[in-house]
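Below: sequence and its predicted model.
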There are 4 protein chains.
Amino acid sequence: MSKGRLEAFSDGVLAIIITIMVLELKVPHGTEMADLQPLFPIFVSYLLSFVYIGIYWNNHHHMLHAASKVTGGILWANQHLLFWLSLVPFVTAWMGENHFAPTPVALYGVVLFMAACAYFILARALARHHGPDSRIARAIGEDFKGRISVGIYAIAILLAFYLPAAAGALYALVAIMWLVPDRRIEKVLAE
Amino acid sequence: MSKGRLEAFSDGVLAIIITIMVLELKVPHGTEMADLQPLFPIFVSYLLSFVYIGIYWNNHHHMLHAASKVTGGILWANQHLLFWLSLVPFVTAWMGENHFAPTPVALYGVVLFMAACAYFILARALARHHGPDSRIARAIGEDFKGRISVGIYAIAILLAFYLPAAAGALYALVAIMWLVPDRRIEKVLAE
Amino acid sequence: MSKGRLEAFSDGVLAIIITIMVLELKVPHGTEMADLQPLFPIFVSYLLSFVYIGIYWNNHHHMLHAASKVTGGILWANQHLLFWLSLVPFVTAWMGENHFAPTPVALYGVVLFMAACAYFILARALARHHGPDSRIARAIGEDFKGRISVGIYAIAILLAFYLPAAAGALYALVAIMWLVPDRRIEKVLAE
Amino acid sequence: MSKGRLEAFSDGVLAIIITIMVLELKVPHGTEMADLQPLFPIFVSYLLSFVYIGIYWNNHHHMLHAASKVTGGILWANQHLLFWLSLVPFVTAWMGENHFAPTPVALYGVVLFMAACAYFILARALARHHGPDSRIARAIGEDFKGRISVGIYAIAILLAFYLPAAAGALYALVAIMWLVPDRRIEKVLAE
């Protein structure tokens, strides 16, 4: 079974997710710079989610590039990942429109947490299918960053109820961790 | 005539259908977990339709993979399938927002029924074009699952007016039947 | 210059146009079959436009399939076509929500007319670039159907102000003319 | 790393951006030609942005066509460009709905300015990765048009607060400059 359409479909869904989020930036009625001010938290949450979807697309691209074949199970593991990512526009809007209130910030973390788990399941399914010595199994490896991310999300979800701003900062931290070029941070983490 | 663009166009339409459905999950005004409660039936109907569109994409992927060429008639059979699937976001929203009321649940079934018939027509057109001994004709085969699905949809549509919850359960049952790996269930059904 | 991305971009835009039109089918508040009745004209205009975008995709697919290379001018001729088609959701909604009132029906025809002209310009640009003896020039040929369509649109636009229903019927007639398999109708028209 | 998915994802995002902008053309309640009049500035801003996204797609297509490989840094430079372009629907709607009022016109220019800078960064990253003698480095060259565009945007942003119409005219001028076939204008600019 070829991987081309899996990539094409995932690209389509991710491209739409990343773009429909901007529809939440509702055009203000006034024409002054001050009229944009209420949009600021919505813009910040949009920026965060834009970066996250970009990271997922980037990692998905790399992982599938190393894959050579897909099975029915892998298609569904991918679909499962897309399901959680499809909820990102909803939690982004809820968090942004409510100025990073505790529950929305926690739910944003839950969706990130579930998406990270879904990514993990997809990676395992791909590694298992290609065998432990395959290029993709070695490329996925121990997946330090993935494990650390899931841990930080869990902490941030709990933290959100007391210090939502700190939880938001942790989400941003994870995003930055993924933006930093891979090799360097993997060395750091591997030590 | 190549099948590449048929796949690309179908991927695009399915990716958009699956993603715009999430726009029905309107951001609530409050910031408490309880404010999400009214969204629960909408979420359930979203989840059901997400799985259904995923199943259609999955089966479409497999069927076209076995095809080697397409004709004008096949393009239109495909367009016909996409038309019924494009109505899924509408019936999903109507059903979810009305807490699975009888008529919306029945109409949801009608759209699933018509989409299943459209898929059947597309499969026949592909099998006819490639010949009875072709790989695709054998892959489609008797299509037990497709026939059973259509039958269950018909029962569920009638049932919806008396027991809408039972009709919803039947829709979920058909989805689960398609999610279970093919070979096993086909063996069961073939016996 | 390769034609692959031109096809991919056009597929994407057409897939989105065809799918966002369904967003105009706003979910009714009631849960009875009668509550769907006001949506009927919107559904009819959606169906008509769905078929039209399908025809454009189909013809675009065939035409580009015969092309081997594209230029900057051809990219812009294609963009011009996509511009007019991007207005289809707007005129579809205006026509449907106003129960096929004269001016909206006329404007719908204007957009179809301009799209047909844009398609004609794109076809000429492709034929010129590939030479008069090329496969694509012969495939486009005299383009009887295209010329007749433009003529019918012009008549329908004028007719819309007096008999909007008749204009709508003419739009449907052109769509049916394009749905009928090519070879047969071309023979008829060529006689 | 292959460039195929980078192109596919960018095509998807650009196709969605160009198409969702039309959703701002809200269907008027009346059915007369006069009811469309208030939509005129929104239509003009839509047309301008449609042309701009078309130009970006066109140039992106050309640039990537000359590229042979991409890196993680290039993926993120591309993502950065898509981020600024994703804000185009928002500023287009704000500018159009407010009849080209000073601040919205200036902000439209800011987004164009940032997108042009992001494109410049992407071009540099591609040229650096392929080497100074590569086909892509020579294709990008001095990028006269890009530099002039950035300068005109800067002037237009300032001008917007005093003469918003003139700023709008400058945006249109830059668009026309990019629409004119490349070779001729590059000769003119190179002299």
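Now that the structure is in, tell me what you want to look at. Numbering: from 1, shown residues only, chains lettered A, B, ... in the order given.

Every contact and neighbour count from this point should use C-alpha atoms.
Fine.

Quick one: neighbours of whichever residue of chain A sits closest to chain C, just the number.
Nearest to chain C, among the residues of chain A, is residue A:12, at 8.6 Å (CA to the nearest CA). Other residues near residue A:12 come to 27 when the count uses other CA atoms under 10 Å in any protein chain shown.

With the one 10 residues further on instead?
The local packing of residue A:22 (other CA under 10 Å) involves 23 other residues.

For chain A, what lies in contact range of chain B?
A:1, A:5, A:8-10, A:12-13, A:16-17, A:72-73, A:75, A:79, A:83, A:86-87, A:90, A:93-94, A:98, A:101-104 (CA under 8 Å from any CA of the partner chain).

Just the CA trace of stretch A:85-93, in CSV.
Only the C-alpha atoms of stretch A:85-93 are listed here, as CSV (Å, rounded to 0.1, in the frame of the first residue of the first chain):
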residue,chain,number,x,y,z
LEU,A,85,-5.4,17.9,15.9
SER,A,86,-8.8,18.8,14.4
LEU,A,87,-9.9,19.9,17.9
VAL,A,88,-7.0,22.4,18.1
PRO,A,89,-9.0,25.2,16.4
PHE,A,90,-11.8,24.8,18.9
VAL,A,91,-9.6,24.8,22.0
THR,A,92,-7.5,27.6,20.5
ALA,A,93,-10.6,29.8,20.1
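
is it anywhere near chain D?
No. Stretch A:85-93 is not in contact with chain D by CA under 8 Å from any CA; minimum separation 14.3 Å.

Tell me which residues are up against that stretch.
The contact list for stretch A:85-93, computed with CA atoms under 8 Å, 6 or more residues apart in numbering or on different chains, reads A:13-14, A:17-18, A:20-21, A:24, A:42, A:45-46, A:49, A:53, A:104, A:107-108, A:111-112, A:115, B:19, B:22-23, B:25-27.

Return the residues of chain A in contact with chain D.
Contact residues, chain A versus chain D (CA under 8 Å from any CA): A:7-8, A:11-12, A:15-16, A:18-19, A:22-23, A:25-28, A:31-33, A:50, A:54, A:58, A:61, A:65, A:181.

just checking, which of these belong to helices?
Here DSSP state H is the test, and these give A:7-8, A:11-12, A:15-16, A:18-19, A:50, A:54, A:58, A:61, A:65 as lying in helices.

quick one: least confident helix or strand in chain A?
Lowest on mean pLDDT, DSSP states H and E among the helices and strands of chain A sits helix A:182-190, with a mean of 53.

circling back: roughly how far apart are the residue of chain A closest to chain C and residue D:6?
Residue A:12 is 12 Å from residue D:6, where distance means CA to CA, to the nearest Å.

again with residue A:164
Relative to residue D:6, and taking CA to CA, residue A:164 is found at 35 Å.

before we move on, what about residue A:74?
From residue A:74 across to residue D:6, the span is 22 Å (CA to CA).

Hmm, residue B:31 and residue A:98 touching each other?
Yes. With contact defined as CA atoms under 8 Å, residue A:98 counts as touching residue B:31 (6.9 Å).

so what sits against both of these two?
With contacts defined as CA under 8 Å, 6+ apart, the residues shared by residue A:98 and residue B:31 are residue A:104.

which helix of chain A spans the most residues?
Longest helix in chain A, counting by DSSP H: helix A:102-130.

Check the offset of that one from the chain's centre.
Mean C-alpha position of helix A:102-130 versus that of the full chain (CA atoms, centre = their mean, to the nearest Å) differs by 8 Å.

packing partners for that helix?
helix A:72-86, helix A:88-97, helix A:135-140, helix A:144-160, helix A:164-179 (3 or more CA pairs under 8 Å, 6 or more residues apart in numbering or on different chains; DSSP states H and E).

export those helices to JSON lines and tack on mean pLDDT and distance to residue C:153?
Converted to JSON lines, the helices and strands packed on helix A:102-130 look like this (pLDDT from 0 to 100; distance: least, CA to CA, whole Å):
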{"stretch": "helix A:72-86", "mean pLDDT": "93", "distance to residue C:153": "41"}
{"stretch": "helix A:88-97", "mean pLDDT": "95", "distance to residue C:153": "41"}
{"stretch": "helix A:135-140", "mean pLDDT": "76", "distance to residue C:153": "56"}
{"stretch": "helix A:144-160", "mean pLDDT": "93", "distance to residue C:153": "58"}
{"stretch": "helix A:164-179", "mean pLDDT": "93", "distance to residue C:153": "53"}
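
Rebuild the ones you listed as CSV, extending it with mean neighbour count.
As requested, those are arranged in CSV below (neighbours: other CA atoms under 10 Å in any protein chain shown):
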stretch, mean neighbour count
helix A:72-86, 21
helix A:88-97, 26
helix A:135-140, 18
helix A:144-160, 18
helix A:164-179, 18
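
Just the closest residue of chain A to chain D, please.
The minimum distance from chain A to chain D, using CA to the nearest CA, falls at residue A:15 (5.0 Å).

quick one, what contacts that residue?
Neighbouring residues of residue A:15 by CA under 8 Å, 6+ apart: D:9-10, D:12-13, D:16.

So which of those reach chain A?
Okay, of these touching chain A (CA under 8 Å from any CA), that's D:9-10, D:12-13, D:16.

Weed out the non-buried ones from the residues of chain A next to chain D.
A:7-8, A:11-12, A:15-16, A:18-19, A:22-23, A:25, A:27-28, A:31, A:50, A:54, A:58, A:61 (16 or more other CA atoms under 10 Å in any protein chain shown).

picking that back up, out of the helices and strands packed on helix A:102-130, which gets nearest to residue B:37?
Closest of the helices and strands packed on helix A:102-130 to residue B:37 is helix A:88-97, at 14.1 Å (criterion: CA to CA).

Next, report how far the closest one is displaced from the centre of its chain.
Centroid separation for helix A:88-97 versus its chain: 14 Å, with CA atoms, centre = their mean.

on that earlier part again, would you mind telling me which of the helices and strands packed on helix A:102-130 is nearest residue D:141?
Residue D:141 lies closest to helix A:164-179 among the helices and strands packed on helix A:102-130, at 29.1 Å (CA to CA).

ok and the closest one relative to helix A:88-97, angle-wise?
Orientation check (axes from the mean of the first three to the mean of the last three CA atoms, to 10 degrees): helix A:164-179 against helix A:88-97 gives 140 degrees.

what sits against the closest residue to chain B within chain A?
Across chain A, no residue is closer to chain B than residue A:13, which sits at 5.0 Å (CA to the nearest CA). By CA under 8 Å, 6+ apart, the residues touching residue A:13 are A:82, A:86, B:15-16, B:18-19.

Turn those residues into a markdown table, including distance to residue A:140.
Output for the contacts of residue A:13, formatted as a markdown table (distance: CA to CA, whole Å):
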| residue | distance to residue A:140 |
| --- | --- |
| A:82 | 19 |
| A:86 | 24 |
| B:15 | 27 |
| B:16 | 30 |
| B:18 | 28 |
| B:19 | 28 |
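
From the contacts of residue A:15, pick the one nearest residue B:146.
Distances from residue B:146 to the contacts of residue A:15, taken by CA to CA, are shortest for residue D:12, at 32.1 Å.

Confirm for me that the closest one is in contact with residue A:16.
Yes. Residue D:12 is within contact range of residue A:16, at 7.5 Å (criterion: CA under 8 Å).

Pull the contacting residues for the residue nearest to the spatial centre of chain A.
Against the mean C-alpha coordinate of chain A, by CA atoms, centre = their mean, the closest residue is residue A:52 at 4.2 Å. Residue A:52 makes contact with residue A:175, according to CA under 8 Å, 6+ apart.

Please identify which helix or strand holds it.
helix A:40-66 (DSSP states H and E).
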